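# what follows is a predicted protein model with its sequence.
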Amino acid sequence: MNKNHFINVLAIILLTTFAAMTKLDAQIRYVDAIQFSLFGKISDSTETRYERLPFNLKNVSRNDIWYLGKNTPGLYLRFMSNSKKISIRWESLNDFSMAHMTKVGTAGFDLYCFKNNRWQFVNSFFPTGKISSYTVMANMDASNQEYMLNFPLYDGVAKIEIGIDSLSAIKNTELKLPQNDHPIVAYGTSITQGGCASRPGMAWTNILTRHLNRTVINLGFSGNARLDFEIANLMTQIESSLYILDFLPNVNEEMVNEKAYQFIEILSKRKPNTPILIIDCPLLPQSEYDSTLKDDILTKNQAILNIFNELKSQGNKNIYFISTKNFINSDNEGTVDGIHFTDLGHYRFVQEIEPIIKSIIK
């Protein structure tokens, strides 16, 4: 084969491949996701659709809180389709990434399908830049399926479109699960926000949403669960079934003593019938080698326990406390850096708190 003939053959192959790809893309019909039900928000009065905090907090909350409120952990779309393939095309706010967390966890999506009376993982949508498109499955059967699309944990979403076969149908969900009235509201740290789950669906709040079939609103603020009173006020603006407080890793003993009592009082006085579940700080693997860290954890855990006991002694019967003594497990596995949870850590966390939550929400 001479050089010119080889070049001609290569050109034909490339053109054929490009034509096939173009034909495949042409078979996908994209629909703006704005028409589908969005869940996991504590308020619809947000600056843009895909964020967590209401606009009226913009000039009230700390800048770090407002910025993290643009992240989308806990948000999920629900839709129904008979398409054989499911794609999405989206624009990220920041194209954010971290060394100790996967890109699909920070800025990607994952998809679940309701089959056999439970939510089953389908696949993940992998980001490729600030603007991404990805097909998770291309050969499903053409029956109507109910889907849940979990949003990124550490980035925001400017726009998202769902792609289906051009001749298929897509519409809003008919299934009333997960239950969205009286959601659980979880306030906490980077671990509550989702660090460092490999994909959105493996954050502990999202696991709980599936296990309980009840929406868990994620108010996790990485490094910033510092008992801001405006967040407590926000939490009382909806009817919730439970408040989960997981702020201890982000505060010290002084902050606990100065602010925890008032933060909890805001919740209990405004919503006296809503149970409050306080989670103390686990003895993280790093604390076995860092005596200062261990002393800090033990000190603030005792401080929050003292406040819990004081509230109970005052007759507050709707407040509960979990010691995380066994959360990490004796093998010290379950974190990526001695602090932030891997999927194993998030799953173990749920295994510990789920039975307690079920006993509270009857």
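The structure has been received and is ready for your questions.
# could I get the full set of strands for the stretch 51-200 of the chain?
For the stretch 51-200 of the chain, strands defined by DSSP state E, counting those that start in this stretch occupy the ranges 76-81, 86-92, 109-115, 118-125, 131-137, 145-150, 157-165, 170-172, 179-188.
# and the ones you listed, which one is worst for confidence?
Lowest mean pLDDT of the strands of the stretch 51-200 of the chain: strand 131-137, a mean of 93.
# for that one, which strands pair with it and how are they oriented?
strand 86-92 (antiparallel) (DSSP bridges).
# and the strand it pairs with, which residues are buried?
86, 87, 88, 89, 90, 92 (16 or more other C-beta atoms under 10 Å). In this view, the C-beta of every residue, glycine as well, is placed from N, C-alpha and C.
# could you check the angle that strand makes with strand 157-165?
Orientation check (axes from the mean of the first three to the mean of the last three C-alpha atoms, to 10 degrees): strand 86-92 against strand 157-165 gives 160 degrees.
# show me where this protein has its helices.
3-26, 63-69, 103-107, 190-193, 204-212, 229-235, 253-255, 261-270, 291-313, 343-360 (DSSP state H).
# re earlier: would TSV of the strands of the stretch 51-200 of the chain with distance to residue 229 be doable?
Formatted as TSV, the strands of the stretch 51-200 of the chain follow (distance: least, C-beta to C-beta, whole Å):
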stretch	distance to residue 229
strand 76-81	28
strand 86-92	31
strand 109-115	33
strand 118-125	35
strand 131-137	38
strand 145-150	30
strand 157-165	29
strand 170-172	37
strand 179-188	12
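# mind listing what residue 204 touches?
The contact partners of residue 204, by C-beta atoms under 8 Å, 6 or more residues apart in numbering, come to 191, 192, 341, 346, 347, 349, 350.
# isn't the third one right up against residue 197?
Okay, so that is residue 341. Yes: contact criterion C-beta atoms under 8 Å: residue 341 and residue 197 qualify, at 7.1 Å.
# the more surrounded of those two?
Taking other C-beta atoms under 10 Å, residue 341 and residue 197 do not tie; residue 197 has more neighbours (32 against 26).
# leaving out chain neighbours, which residue sits closest to the more buried one?
Excluding its sequence neighbours, the residue lying closest to residue 197 (C-beta to C-beta, 6 or more residues apart in numbering) is residue 203, at 4.6 Å.
# check the burial of that neighbour by counting its neighbours.
If we define neighbours as other C-beta under 10 Å, then residue 203 has 32 of them.
# and the buried ones among the contacts of residue 204, selectable in PyMOL?
Under the burial definition 16+ other C-beta under 10 Å, those of the contacts of residue 204 that qualify are selected in PyMOL by:
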select buried, resi 191+192+341+346+349+350
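# nearest to residue 362, of the contacts of residue 204?
residue 350 (18.9 Å; C-beta to C-beta).
# so that closest one versus residue 181, what's the distance?
Counting by C-beta to C-beta, to the nearest Å, the gap from residue 350 to residue 181 is 22 Å.
# likewise for residue 356?
Counting by C-beta to C-beta, the gap from residue 356 to residue 181 is 22 Å.
# more neighbours, the two?
residue 356 (14 against 11).
# can you verify my assumption that that one contacts residue 324?
No: Residue 356 is not in contact with residue 324 according to C-beta under 8 Å; the separation is 11.6 Å.
# how about the helices of the chain in a markdown table, adding distance to residue 167 and mean pLDDT?
Below are the helices of the chain laid out as a markdown table (distance: least, C-beta to C-beta, whole Å; pLDDT from 0 to 100):
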| stretch | distance to residue 167 | mean pLDDT |
| --- | --- | --- |
| helix 3-26 | 12 | 45 |
| helix 63-69 | 40 | 98 |
| helix 103-107 | 30 | 97 |
| helix 190-193 | 40 | 98 |
| helix 204-212 | 31 | 98 |
| helix 229-235 | 44 | 98 |
| helix 253-255 | 58 | 97 |
| helix 261-270 | 51 | 98 |
| helix 291-313 | 57 | 96 |
| helix 343-360 | 37 | 96 |
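# out of those, which is the most enclosed?
Greatest average neighbour count among the helices of the chain goes to helix 190-193 (a mean of 26), per mean count of other C-beta atoms under 10 Å.
# helices or strands up against it?
helix 204-212, strand 214-220, helix 343-360 (3 or more C-beta pairs under 8 Å, 6 or more residues apart in numbering; DSSP states H and E).
# angle of the second one against strand 76-81?
The directions of strand 214-220 and strand 76-81 differ by 140 degrees, with the same axes, to 10 degrees as the criterion.
# and what of the last one?
On the basis of the same axes, to 10 degrees, helix 343-360 is oriented at 90 degrees to strand 76-81.
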